[in-house]
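following is a predicted model, sequence given first.
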Amino acid sequence: MELFNFKDLKIGVRLRFIIEIILLLFLVAFFINSQKTIEGFLSILIIIVLTFILGVIFFRSIIIPLNDLIVFAQKIIKGELSARVELKSKDEFGQLADYFNNMATKLDESMKMIERRSEVLAERIIELSEEKNKSAAILSSIGDGVFLVDAEERILLMNKVAEELSGYNLEEVFQKPYSEIFKFIWEKEQNKNYPNFIGKAMREGEIQNLTQTLLIKKSGKNISISISAAPVKYSRGETFGCVVVFRDASGDRELERAKDKFLAIASHQLRTPLGSTKWNLEMILGEEVGRIPQKAKELLRQIYKSNDRLINLVNDLLDVSRIDQGKTKNDPEITDVIKIIKIKIQELSNLAEAKSINVKLEVPEGKTFNAFVDPQHFSDQVMQNVLANAILYNRRGGSVLIQIAPLDKEVRIRIDDTGIGIPEREQSKIFSRFFRANNAIKSEADGSGLGLYVVKYYIESWGGKIWFESNEGKGTTFHISLPIKKL
Amino acid sequence: MEKKSTTKKKFILVAEDDKAYANVYQLKLAKEGYEVKIAFDGEEALNLCRKRKPDLMILDLLLPIADGFEVLEALQKDKRFRNIKVIVLSSLSQSEDILRVKKLGALDYFVKSNITIQEMVAKVKKYLDYKNIRRVKNKKDRK
């Protein structure tokens, strides 16, 4: 065991130690030399040699560890973070080496951690870019037009089909408000305002679907489309934007038009024989061509009724097909509502008498009520259907009460009947096409299930409303609200 | 002439190609005391007009050779025919057709299958008594 290790001394101490020894040796040398003997010379020589040796020892004790440190530092710089410097001495070099080793260890650890993290990151990046490619591939291979807007309704993305259908490309529309690029209009009523359905989808958080829409392309040409807008939300529930999908519907529309055309032609073709049958039966029943037995008359009356049913069905089909084709002439104007209702009641008086139904009109005396409606449709479709329903679906000996009230900005018509009513579970469907409530089907009255659909269409086209309350078996009350001026 | 025509049976010309309708027109209107002639196409209708000017013309729209619209146009073009009163009874019911027919000078328009014979006769009576506005105008012009 070493009691004393030169290398364990601090460098300053070491230097002092050596200088002190050299000074001591010089003192001894001077002392010996003062006697000017050969031994004196020799001793000086020995001292010089000793001094040299001590110097060498001293410098080596500094240079070697310094060198080791330099080598070590170079390795670290080169990135060999596992390198360590081996200095067991307890001097500054030893400490420095310890610090360096510690530093290298820490560096090594952090580097390894960084490496691990960057590996994970790299994997994520690969995954993400694959994901992105996947999404982009999905988006571009969707057969429908797709575009995405942010919460401010600016376009962020659109796919190829959207580019083809609209005629724009993503670069030129990016971040522009969608309304500047995608011009949508109604197919039938092109002047009618098209709603901001994308804003609505985001506000209400519900998918909006629209058909009967035209998209005006960049070229100015129109294309028939069906469209739906679905809000996109962050997981925290905030709305991020809206994804809009639209589809070229020209094929569908073509088919619809062909169907409507067929319906129109077929209906006209049907009308001629139905109408002549009606007139010929009327001639026979009116005994214009000779007396006929009572029994035969009854049978003929039955045929006459069935024939009338067919005529009504054809009329309803034509009405609906015209509505669907957007071919109705609908010119609202200031119209005297009472006058039309009075004429209609007169026209339906035979129907009412046949079932002994008391039809009563209650209006404030001497007043006129003007509404902004198409007089023809108000008479032939709206009042015809509503009043005929109130009579036909009534009980024998029942009553119909029509009341009119002027409200601030509307004319309100109320029609009460004492009829079979509308079953509660079917009330939501009563304005649907071809829908007839169960009790209506079972009743003796005939109907196509198109009347109220047509009624609602016209009333709403003028900006009015229709609704009802009903108690099955007791009666129904219809309310009609009509605007008094242009929308 | 005018005095004579009042004592004479009124003449109604019916342009109708459907036999089932034509029969009823013939039977019923004759029974009501009118003289009735049926034309089965548009051209025949115009020819009959030339032979004898009807007091009222009942016109169908979908007719062979010349359709109802063409008949109305021809009546409008010819000075002698301008004051013939025409009502249209057709199976067509499109608003465009109704408008077009009225622009071409028809007094009224009915969908055949939607009215009864009673109603048809009532219309005929109404329009026979109806003073044609244009006729009044023409008289004034002559003065």
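Structure received. The shown structure was predicted, so the numbers you read here are calculated from the model rather than taken from an experiment. Numbers count the residues shown, from 1 in each chain, chains lettered A, B, ... in the order given.

tell me which residue of the stretch 51-200 of chain A lies closest to chain B.
residue A:188 (14.6 Å; C-beta to the nearest C-beta). Where you see a C-beta, it was placed from the backbone N, CA and C, and this is true even at glycine.

OK, contacts around the residue nearest to that residue when sequence neighbours are not counted?
Closest residue in space to residue A:188, ignoring its immediate chain neighbours: residue A:326 at 3.1 Å, by C-beta to C-beta, 6 or more residues apart in numbering or on different chains. Applying C-beta atoms under 8 Å, 6 or more residues apart in numbering or on different chains, we find residue A:326 in contact with A:187-189.

write the PyMOL selection for whichever of these are buried.
Command for PyMOL that selects the buried part of the contacts of residue A:326, burial taken from 16 or more other C-beta atoms under 10 Å in any protein chain shown:
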select buried, chain A and resi 187
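
TSV for the contacts of residue A:326, including secondary structure?
Below are the contacts of residue A:326 laid out as TSV (DSSP: H, G, I helix; E, B strand; the rest coil):
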residue	secondary structure
A:187	coil
A:188	coil
A:189	coil
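
where does the residue nearest the centre of chain B land in three-state SS?
Chain B has residue B:57 as the residue nearest its centroid, 1.6 Å off, counting by C-alpha atoms, centre = their mean. When classified by three-state DSSP, residue B:57 comes out as strand.

assess the claim that it and residue B:46 are in contact.
No: look at residue B:57 against residue B:46 with C-beta atoms under 8 Å: they stay out of range, at 10.2 Å.

overlap of the contact sets of those two?
Counting by C-beta under 8 Å, 6+ apart, nothing touches both residue B:57 and residue B:46.

residues in chain A within reach of chain B, list them.
By the rule C-beta under 8 Å from any C-beta of the partner chain, the part of chain A lying against chain B is A:268, A:271-280, A:282-283, A:286, A:288-289, A:311, A:314-315, A:318, A:322, A:327-329.

hang on, residue B:88 in a strand?
Yes: assessed with three-state DSSP, residue B:88 lies in a strand.

separation between it and residue A:86?
Residue B:88 sits 119 Å away from residue A:86, going by C-beta to C-beta, to the nearest Å.

would you mind telling me which of those two has more residues around it?
residue B:88 (27 against 9; other C-beta atoms under 10 Å in any protein chain shown).

hmm, the more buried one is touching residue B:109, no?
Yes: look at residue B:88 against residue B:109 with C-beta under 8 Å: they come within range, at 4.8 Å.

shared neighbours of these two, anything?
Here residue B:88 and residue B:109 have residue B:101 as joint contacts, going by C-beta under 8 Å, 6+ apart.

got a list of what the residue most central in space within chain A touches?
Nearest residue to the geometric centre of chain A (C-alpha atoms, centre = their mean): residue A:230, 1.3 Å. With contacts defined as C-beta under 8 Å, 6+ apart, the neighbours of residue A:230 are A:201, A:207, A:242-245.

at 6 Å instead, please
By C-beta atoms under 6 Å, 6 or more residues apart in numbering or on different chains, residue A:230 lies in contact with A:207, A:243.

confirm it sits in a strand?
Yes: under three-state DSSP, residue A:230 sits within a strand.

chain B versus that one, what's the distance?
Distance, residue A:230 to chain B, by C-beta to the nearest C-beta, to the nearest Å: 39 Å.

look at that residue and report its pLDDT.
pLDDT for residue A:230: 90.

residue A:358 now?
We have a pLDDT of 90 for residue A:358.

from residue A:426, how far off is residue B:84?
54 Å.

neighbour-wise, which of these two wins?
Neighbour count, other C-beta under 10 Å: between residue B:84 and residue A:426, residue B:84 has more, with 21 against 17.

please name the residues that touch the more buried one.
B:57, B:75.

for it, give me phi and psi.
phi -70, psi 130 (degrees, to the nearest 10).

what pLDDT does it get?
86.

and it, how close does it get to chain A?
In terms of C-beta to the nearest C-beta, residue B:84 sits 24 Å off from chain A.

distance of that residue from residue A:441?
For residue B:84, the distance to residue A:441 (C-beta to C-beta) stands at 49 Å.

returning to what we had before: tell me which of the contacts of residue A:326 is nearest to residue B:34?
For those, the minimum distance to residue B:34 (C-beta to C-beta) is 45.0 Å, reached by residue A:188.

re the thing from before, let's have the contacts of residue A:326 in TSV, adding pLDDT.
Output for the contacts of residue A:326, formatted as TSV (pLDDT from 0 to 100):
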residue	pLDDT
A:187	82
A:188	76
A:189	75
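
what's the closest of the contacts of residue A:326 to residue A:38?
Distances from residue A:38 to the contacts of residue A:326, taken by C-beta to C-beta, are shortest for residue A:187, at 131.2 Å.

pretty sure the closest one sits against residue A:210.
No: using C-beta atoms under 6 Å, residue A:187 is not in contact with residue A:210, being 10.2 Å away.
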